[in-house]
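1. Provide a 3D model corresponding to the input given below.
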Amino acid sequence: MEGYAHDLVAFVRLHQAWAAPLVLVLAFGESLAFISLLVPAWGVLVAIGAMLGPGGINFWPVWLAGGLGAALGDWLSYRVGFTFKDRVAMMWPLSRHPQLLPRGAAFVEKYGVAGIFIGRFFGPLRASVPLAAGIFEMPYWRFQIANFVSAFVWSAVLLIFGDVVSRLIEWIWRFF
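-> Down below sits the predicted model:
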(Lines give C-alpha, C1' and ligand atoms only; values in the text may rest on other atoms or scores of the structure.)
Protein backbone atom coordinates (compact mmCIF):
# COMPACT_ATOMS: atom_id res chain seq x y z
CA MET A 1 0.00 0.00 0.00
CA GLU A 2 2.79 2.40 0.86
CA GLY A 3 4.35 2.08 -2.60
CA TYR A 4 1.05 2.81 -4.28
CA ALA A 5 0.56 5.89 -2.12
CA HIS A 6 4.02 7.22 -2.99
CA ASP A 7 3.36 6.61 -6.69
CA LEU A 8 0.06 8.50 -6.57
CA VAL A 9 1.61 11.45 -4.74
CA ALA A 10 4.51 11.53 -7.22
CA PHE A 11 2.02 11.42 -10.11
CA VAL A 12 0.10 14.40 -8.69
CA ARG A 13 3.35 16.29 -8.14
CA LEU A 14 4.16 15.88 -11.85
CA HIS A 15 0.60 16.24 -13.18
CA GLN A 16 -1.17 18.75 -10.98
CA ALA A 17 -4.15 18.96 -13.34
CA TRP A 18 -5.04 15.42 -12.26
CA ALA A 19 -5.15 16.28 -8.55
CA ALA A 20 -8.91 16.93 -8.37
CA PRO A 21 -10.02 13.90 -10.45
CA LEU A 22 -7.65 11.65 -8.51
CA VAL A 23 -8.90 12.99 -5.17
CA LEU A 24 -12.51 12.43 -6.29
CA VAL A 25 -11.79 8.77 -7.09
CA LEU A 26 -9.77 8.22 -3.90
CA ALA A 27 -12.40 9.85 -1.67
CA PHE A 28 -15.11 7.79 -3.37
CA GLY A 29 -13.14 4.59 -2.77
CA GLU A 30 -12.31 5.60 0.80
CA SER A 31 -16.02 6.09 1.53
CA LEU A 32 -17.46 3.15 -0.40
CA ALA A 33 -18.27 0.33 1.98
CA PHE A 34 -16.46 -2.54 0.32
CA ILE A 35 -13.54 -0.72 -1.28
CA SER A 36 -12.54 1.31 1.79
CA LEU A 37 -11.56 -1.86 3.63
CA LEU A 38 -9.07 -2.65 0.87
CA VAL A 39 -7.77 0.78 -0.13
CA PRO A 40 -7.37 3.28 2.71
CA ALA A 41 -6.70 6.50 0.80
CA TRP A 42 -6.80 9.15 3.53
CA GLY A 43 -2.98 9.29 3.68
CA VAL A 44 -2.78 10.17 0.00
CA LEU A 45 -5.36 12.92 0.54
CA VAL A 46 -3.26 14.36 3.37
CA ALA A 47 -0.15 14.17 1.17
CA ILE A 48 -1.95 15.99 -1.64
CA GLY A 49 -2.98 18.58 0.93
CA ALA A 50 0.71 19.01 1.71
CA MET A 51 1.22 20.06 -1.92
CA LEU A 52 -1.41 22.80 -1.80
CA GLY A 53 0.86 25.63 -0.71
CA PRO A 54 4.34 24.69 -1.88
CA GLY A 55 3.17 22.70 -4.90
CA GLY A 56 0.81 25.35 -6.18
CA ILE A 57 -2.24 23.08 -6.27
CA ASN A 58 -5.49 25.04 -5.92
CA PHE A 59 -7.42 24.08 -2.77
CA TRP A 60 -10.97 24.67 -4.04
CA PRO A 61 -11.25 22.14 -6.89
CA VAL A 62 -9.42 19.48 -4.85
CA TRP A 63 -11.66 20.16 -1.82
CA LEU A 64 -14.83 19.99 -3.95
CA ALA A 65 -13.65 16.78 -5.59
CA GLY A 66 -12.82 15.20 -2.23
CA GLY A 67 -16.15 16.16 -0.70
CA LEU A 68 -18.14 15.03 -3.71
CA GLY A 69 -16.28 11.72 -3.99
CA ALA A 70 -16.76 10.98 -0.28
CA ALA A 71 -20.46 11.89 -0.38
CA LEU A 72 -21.07 9.73 -3.46
CA GLY A 73 -19.28 6.78 -1.86
CA ASP A 74 -21.45 7.01 1.25
CA TRP A 75 -24.58 7.53 -0.86
CA LEU A 76 -23.87 4.29 -2.74
CA SER A 77 -23.11 2.46 0.52
CA TYR A 78 -26.44 3.68 1.94
CA ARG A 79 -28.20 2.46 -1.21
CA VAL A 80 -26.57 -0.98 -0.94
CA GLY A 81 -27.61 -1.25 2.71
CA PHE A 82 -31.14 -0.05 1.96
CA THR A 83 -31.53 -2.45 -0.99
CA PHE A 84 -29.90 -5.60 0.36
CA LYS A 85 -30.57 -5.21 4.11
CA ASP A 86 -29.16 -8.11 6.18
CA ARG A 87 -27.72 -9.86 3.11
CA VAL A 88 -24.93 -7.25 3.10
CA ALA A 89 -23.21 -9.05 5.98
CA MET A 90 -22.81 -12.14 3.78
CA MET A 91 -21.03 -10.19 1.00
CA TRP A 92 -17.28 -10.11 0.68
CA PRO A 93 -15.27 -8.43 2.25
CA LEU A 94 -17.74 -7.82 5.10
CA SER A 95 -18.17 -11.57 5.46
CA ARG A 96 -14.48 -11.66 6.46
CA HIS A 97 -14.94 -8.81 8.97
CA PRO A 98 -18.18 -9.73 10.74
CA GLN A 99 -17.64 -7.22 13.58
CA LEU A 100 -17.75 -4.14 11.33
CA LEU A 101 -21.45 -4.07 10.50
CA PRO A 102 -22.71 -4.60 14.08
CA ARG A 103 -20.35 -1.84 15.26
CA GLY A 104 -21.67 0.49 12.58
CA ALA A 105 -25.27 -0.45 13.42
CA ALA A 106 -24.74 0.20 17.13
CA PHE A 107 -23.12 3.52 16.30
CA VAL A 108 -26.01 4.61 14.05
CA GLU A 109 -28.60 3.49 16.60
CA LYS A 110 -26.83 5.34 19.41
CA TYR A 111 -25.95 8.59 17.64
CA GLY A 112 -28.42 8.81 14.73
CA VAL A 113 -27.65 11.57 12.24
CA ALA A 114 -24.69 12.77 14.32
CA GLY A 115 -23.27 9.26 13.90
CA ILE A 116 -23.09 9.78 10.13
CA PHE A 117 -21.01 12.89 10.68
CA ILE A 118 -18.79 11.41 13.40
CA GLY A 119 -18.40 8.04 11.66
CA ARG A 120 -16.84 9.71 8.63
CA PHE A 121 -13.72 10.45 10.70
CA PHE A 122 -13.11 6.95 12.13
CA GLY A 123 -11.57 4.23 9.94
CA PRO A 124 -13.77 1.14 9.71
CA LEU A 125 -16.83 3.08 10.87
CA ARG A 126 -16.49 5.21 7.74
CA ALA A 127 -17.42 2.16 5.69
CA SER A 128 -20.02 0.52 7.90
CA VAL A 129 -22.07 3.50 9.16
CA PRO A 130 -23.68 4.35 5.78
CA LEU A 131 -24.47 0.66 5.21
CA ALA A 132 -26.09 0.43 8.63
CA ALA A 133 -28.02 3.66 8.00
CA GLY A 134 -29.41 2.11 4.82
CA ILE A 135 -30.20 -1.23 6.46
CA PHE A 136 -32.11 0.50 9.26
CA GLU A 137 -33.80 2.82 6.76
CA MET A 138 -32.61 6.09 8.22
CA PRO A 139 -34.72 8.76 6.48
CA TYR A 140 -33.10 9.47 3.12
CA TRP A 141 -32.82 13.27 3.37
CA ARG A 142 -31.60 13.22 6.96
CA PHE A 143 -28.87 10.83 5.88
CA GLN A 144 -27.95 12.83 2.77
CA ILE A 145 -27.68 16.16 4.61
CA ALA A 146 -25.36 14.62 7.21
CA ASN A 147 -23.52 12.75 4.46
CA PHE A 148 -22.78 15.77 2.27
CA VAL A 149 -21.94 18.15 5.14
CA SER A 150 -19.60 15.62 6.75
CA ALA A 151 -18.00 14.74 3.39
CA PHE A 152 -17.02 18.34 2.69
CA VAL A 153 -15.80 18.88 6.24
CA TRP A 154 -13.79 15.62 6.07
CA SER A 155 -12.21 16.64 2.76
CA ALA A 156 -11.27 20.06 4.11
CA VAL A 157 -9.82 18.61 7.33
CA LEU A 158 -7.55 16.15 5.49
CA LEU A 159 -6.35 18.69 2.93
CA ILE A 160 -5.81 21.48 5.45
CA PHE A 161 -4.04 19.12 7.84
CA GLY A 162 -1.60 18.17 5.07
CA ASP A 163 -1.09 21.82 4.16
CA VAL A 164 -0.50 22.89 7.76
CA VAL A 165 1.96 20.05 8.39
CA SER A 166 3.91 20.87 5.22
CA ARG A 167 4.08 24.56 6.15
CA LEU A 168 5.17 23.68 9.68
CA ILE A 169 7.92 21.39 8.38
CA GLU A 170 9.02 24.11 5.94
CA TRP A 171 9.14 26.66 8.78
CA ILE A 172 11.10 24.31 11.04
CA TRP A 173 13.50 23.50 8.20
CA ARG A 174 14.21 27.21 7.62
CA PHE A 175 14.45 28.02 11.31
CA PHE A 176 16.86 25.24 12.19
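
2. from the contact counts, what lies against the longest helix seen in the chain?
-> Across the chain, the helix with the greatest residue count (assigned by DSSP state H) is helix 140-175. Packing contacts for helix 140-175, counted by 3 or more C-beta pairs under 8 Å, 6 or more residues apart in numbering; DSSP states H and E, involve helix 19-31, helix 42-50, helix 52-55, helix 59-84, helix 113-119, helix 123-135. From N, CA and C alone the C-beta is placed, and that goes for glycine too.

3. now the second one against helix 19-31, angle please.
-> Computed with axes from the mean of the first three to the mean of the last three C-alpha atoms, to 10 degrees, the direction of helix 42-50 lies at 150 degrees from that of helix 19-31.

4. quick check: the nearest residue to residue 81 once chain neighbours are set aside vs residue 91, distance?
-> Distances taken as C-beta to C-beta, 6 or more residues apart in numbering place residue 134 nearest to residue 81, at 2.6 Å, with adjacent residues excluded. According to C-beta to C-beta, to the nearest Å, residue 134 stands 13 Å off from residue 91.

5. residue 78 and residue 132 touch, don't they?
-> No. Between residue 78 and residue 132 there is no contact under C-beta atoms under 8 Å: 9.2 Å.

6. same drill for those two, tell me which one is more crowded.
-> residue 132 (28 against 25; other C-beta atoms under 10 Å).

7. alright, calling it a day.
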